[in-house]
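Participant: curious how this folds, go ahead:
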Amino acid sequence: MSKSLPYSMKDVEYDNAKFRQRSFTKVLNQTMLTKDVKRKCLGCSTGKFLVIIMLFGLAYLILRQPTHAVSSHGIKDKANVTVNTSTRLRGIFRKPPRLPPRLSPDEMHTNNKSIHQLDADTSKWMGKQQQVKGAFIHAWSGYKKYAMGFDELMPLSKRGIDGLGGLGATVVDALDTAMIMGEEDIVNEAGSWIETHLAERISQKGQVNLFETTIHVLGGLLSAYHLSGGANVSSPSVGPKPSAYLKTATILADRLLTAFTSSATPIPFSDVILRDNTAHAAPDGLSSTSEASTLQLEFNYLSDVLGDQKYSLEAMKVLEHIKTLPKVEGLVPIYISPQTGEFSGQNIRLGSRGDSYYEYLLKVWLQQGASQSRNLTYLHDMYEEAMKGVRHLLVRKSIPNGLVFVGELPYGASGSFSPKMDHLVCFLPGTLALGATKGMTKSKAMKDNLLSSEDLENLRLAEDLIKTCVETYSVTSTGLAPEIVYFHVEDYFEEGFDGGNKSSKFLNDIVIKPADRHNLLRPETVESLFVLYRITEDPKYREWGWQIFEAFEKYTKVDSGGYTSLDDVTSLPHKRDKMETFFLGETLKYLYLLFGDSNIVPLDKYVFNTEAHPIPINASVKRQ
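Facilitator: Numbering: from 1, shown residues only. Prediction:
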């Protein structure tokens, strides 16, 4: 039986006067000595008197029955006779213990049906997983044919474009997805390109963004290194040796370190000139808080496998410094200055430029949690404080139907609240769930009594928020979410900006402005669906993920190869002619994992960087 019983066998021996069994003699004596009962007995009817006589007679017959208890010498044993007589008497009048219910034949048949249904469900989701793999192959085929070596594919124009520094971001992002899916041909193609071209590209290319290059390229190389065997002696069956990925990652990281070492504060510069090995600040002199604080998983892992702490030390200085800065209930502004090391402005949000700061507080702590060489509990403390701040300052409900959402404080805690939520915020349900159970299933965490009241509150918020994220898909004509939504609240509503799906219950809860209606094939909602399914094991998250995948297939697939972004999800969409690199690296990877076995890349052994590249937690790291 899958559900726990309402009580257990321990109730049988429960040591409490309310449940403890008493002998018939004690019951009779106590009854006869009670004044109320004596009065009732004196006035009882003839029938009641006869019943009492029958009971005494029955007891007498039992006591008179011959016994055949025999001692070891073959002679009747009087002591045994007494014991057996007493036992028989107690056995007649004692109530049987309360036992757990047994399944009836009908229920057993139903239970067997549920097992068969489980097998059918497994087969069903394996089939859907294969369709996601087919989508990945189709996306790669278009990229390979028209844009190999470029950062991204323009599927309608059938050409490539470099938007991330020209390091072949799609190749590196797609590689570990292909490894997880077991697509050996793509692993060979992507791996061979990296081994042949990427190191040379790194030495020749110009300006790249520190954050984007770290999460896409460095993270992708390190994940490929691990998934291809890492420090294991045996070589992988396909693709280059793991050492090829690690060598290239080291070359890249050495140049990216310049962003840290060139800065006068622990906050790194935002941009690096690869060929000159120099770094500088952005034109406005500021770095995004999320960008500066979303580098640690990758640099920590590189230090772990190389045994050289210089990478980790530079990256961790950022979080150690931010720990000392003033915050608003754990929440931080979205800009920070490399020149002063201080936050700039008051804008607080969990969308762009703020999101992955909160994600990495948790994930870096999880990654390094087994390490005995440093105390990182401050990261978990910062994360918990921030989530309390989110619940207190940013969480609201829409009207009329009460969708839970996370808004913004553009002018700080003392300013007005904005009911605006980026699609990027939909990373949060997954992060909240991961933070609550630390990657184990909810049922196991509950059974082992590992969830605090704070964990349970965060888990409830996670489930509320993911429903809202999914409704931003369902409320549109295409079934795909826009980049940004606003929510109808008491002091804000704009008519005429609904999602187009007139049958949606939440049509009037969600406002989609014309400038925000585009869809970039983003992964955040399916990422959270994946994490929540793994943790709660609730099949509705798979069903929601499948609806999203079908909408991608219907409206974004390009017949000649690849998938494209959309301009407007509220009407017949106009295609934007760009396949973002994260569609192969994140969106399709998370969908594939959502429909597959939970033992593949388990959440208690890996953390995913913010570009969905799985990094092993500290205990799983093997040094070179």
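
Participant: contacts only, for the most centrally placed residue in the chain.
Facilitator: Nearest to the centroid of the C-alpha atoms of the chain, with distances taken as Cα atoms, centre = their mean, sits residue 531, at 2.6 Å. The contact partners of residue 531, taken as Cβ atoms under 8 Å, 6 or more residues apart in numbering, are 429, 430, 431, 433, 434, 603. All C-beta atoms are positioned from the backbone trio N, CA, C, and that covers glycine.

Participant: helix, strand, or coil at it?
Facilitator: Under DSSP: H, G, I helix; E, B strand; the rest coil, residue 531 falls in the helix class.

Participant: tell me how far it lies from residue 541.
Facilitator: When Cβ to Cβ, to the nearest Å is applied, the distance between residue 531 and residue 541 equals 9 Å.

Participant: counting neighbours, what do you get for the residue nearest to the residue nearest to the centre of the chain when sequence neighbours are not counted?
Facilitator: Spatial nearest neighbour of residue 531, chain neighbours left out: residue 430 (3.5 Å); criterion: Cβ to Cβ, 6 or more residues apart in numbering. Applying the criterion other Cβ atoms under 10 Å, we find 29 residues in the vicinity of residue 430.

Participant: chain center to the strand or helix carrying residue 430, what's the gap?
Facilitator: Secondary structure here is read from DSSP states H and E; on that basis residue 430 sits in helix 428-437. For helix 428-437, the separation from the chain centroid amounts to 5 Å (computed by Cα atoms, centre = their mean, to the nearest Å).

Participant: may I see the buried residues of the next helix or strand after that helix?
Facilitator: Downstream of helix 428-437, the first helix or strand assigned by DSSP H and E is helix 442-447. Going by neighbour count (16 or more other Cβ atoms under 10 Å), the buried part of helix 442-447 is 442, 445.

Participant: which other helices and strands contact helix 442-447?
Facilitator: Contacting helix 442-447 under the criterion 3 or more Cβ pairs under 8 Å, 6 or more residues apart in numbering; DSSP states H and E are the following elements: helix 428-437.

Participant: list the contacts of the helix it packs on.
Facilitator: Looking at helix 428-437 with Cβ under 8 Å, 6+ apart, the contacting residues turn out to be 350, 355, 358-359, 362-363, 366, 383-384, 387, 390, 406, 442, 444-445, 450-451, 455-456, 458-459, 461-463, 465-466, 469, 527-532, 535-536, 603.

Participant: go on, stretch 196-214?
Facilitator: Counting by Cβ under 8 Å, 6+ apart, 149, 164-169, 171-172, 217, 247-248, 251-252, 255-256, 259, 268-275, 279, 288, 290-292, 294-295, 298-299 sit against stretch 196-214.

Participant: export that stretch to CSV, keeping only CA atoms.
Facilitator: Extracted C-alpha coordinates of stretch 196-214, given in CSV (Å, rounded to 0.1, in the frame of the first residue of the first chain):
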residue,chain,number,x,y,z
THR,A,196,40.0,21.5,-32.5
HIS,A,197,38.9,25.1,-32.3
LEU,A,198,38.0,26.5,-28.9
ALA,A,199,41.4,27.0,-27.3
GLU,A,200,42.5,29.0,-30.4
ARG,A,201,39.3,31.0,-30.3
ILE,A,202,40.0,31.9,-26.6
SER,A,203,43.4,33.2,-27.5
GLN,A,204,42.2,35.3,-30.4
LYS,A,205,38.7,36.7,-29.5
GLY,A,206,38.1,40.1,-28.1
GLN,A,207,35.6,41.3,-25.5
VAL,A,208,33.4,38.8,-23.6
ASN,A,209,31.1,39.2,-20.6
LEU,A,210,32.6,37.5,-17.6
PHE,A,211,29.2,36.2,-16.4
GLU,A,212,27.9,34.9,-19.7
THR,A,213,31.2,33.3,-20.6
THR,A,214,31.5,31.6,-17.2
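
Participant: gap between it and the chain center?
Facilitator: Counting by Cα atoms, centre = their mean, stretch 196-214 is centred 31 Å from the centre of its parent chain.

Participant: now do the buried residues in it.
Facilitator: 197-199, 201-202, 205, 208-214.

Participant: now, the residues you listed that are in helices?
Facilitator: Helix and strand membership here follows DSSP state H; of these, those in helices are 199, 201, 202, 210, 211, 212, 213.

Participant: nearest to residue 551, of those?
Facilitator: Sorting these by how near they are to residue 551, with Cβ to Cβ, puts residue 212 at the top with 27.1 Å.

Participant: residue ranges with poor pLDDT in the chain?
Facilitator: For the chain, the stretches flagged by pLDDT under 70 are 1-119, 231, 233-236, 370-374, 619-624.

Participant: Three-state assignment for residue 486, please.
Facilitator: Assigned by three-state DSSP, the conformation of residue 486 is strand.

Participant: burial measure for it, as a count.
Facilitator: Using other Cβ under 10 Å, residue 486 has 21 other residues around it.

Participant: now do the contacts for it.
Facilitator: 419, 420, 421, 492, 494, 510, 511, 512, 513.

Participant: residues contacting the first one?
Facilitator: Read it as residue 419. Contacts of residue 419 were listed using Cβ under 8 Å, 6+ apart, and they are 396, 398, 405, 407, 486, 487, 488, 489, 492.

Participant: quick one: the strand or helix carrying residue 459 to chain centroid distance?
Facilitator: Under the criterion of DSSP H and E, residue 459 resides in helix 453-474. Taking Cα atoms, centre = their mean, one finds the center of helix 453-474 at 11 Å from the center of the full chain.

Participant: for that helix, packing partners?
Facilitator: For helix 453-474, the contact count by 3+ Cβ pairs under 8 Å, 6+ apart identifies helix 377-389, strand 404-406, helix 428-437, helix 524-536, helix 540-555 as packing neighbours.

Participant: any chance of the ones you listed in TSV, with distance to residue 284 too?
Facilitator: As requested, these are exported to TSV (distance: least, Cβ to Cβ, whole Å):
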stretch	distance to residue 284
helix 377-389	25
strand 404-406	26
helix 428-437	27
helix 524-536	26
helix 540-555	35
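
Participant: among those, which comes closest to residue 229?
Facilitator: For the helices and strands packed on helix 453-474, distance to residue 229 was read as Cβ to Cβ. The smallest value, 24.8 Å, belongs to helix 524-536.

Participant: got the CA positions of that closest one in CSV?
Facilitator: These are the backbone C-alpha positions of helix 524-536, laid out as CSV (Å, rounded to 0.1, in the frame of the first residue of the first chain):
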residue,chain,number,x,y,z
GLU,A,524,13.0,28.9,-16.1
THR,A,525,9.5,27.4,-15.8
VAL,A,526,10.5,24.0,-17.1
GLU,A,527,13.5,24.1,-14.8
SER,A,528,11.3,24.5,-11.8
LEU,A,529,8.8,21.9,-13.0
PHE,A,530,11.7,19.5,-13.2
VAL,A,531,12.9,20.2,-9.7
LEU,A,532,9.4,20.2,-8.2
TYR,A,533,8.6,16.9,-9.9
ARG,A,534,11.8,15.3,-8.6
ILE,A,535,11.1,16.5,-5.0
THR,A,536,7.3,16.1,-4.7
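
Participant: what residues are up against the closest residue to residue 486 other than its chain neighbours?
Facilitator: The spatial neighbour of residue 486 that comes closest, neighbours along the chain excluded (Cβ to Cβ, 6+ apart), is residue 511 at 4.1 Å. Residues touching residue 511, when contacts are defined by Cβ under 8 Å, 6+ apart, comprise 485, 486, 487, 488, 493, 494, 497, 498.

Participant: pretty sure the third one contacts residue 506?
Facilitator: Spelled out, that is residue 487. No - under the criterion of Cβ atoms under 8 Å, residue 487 makes no contact with residue 506, lying 9.5 Å away.
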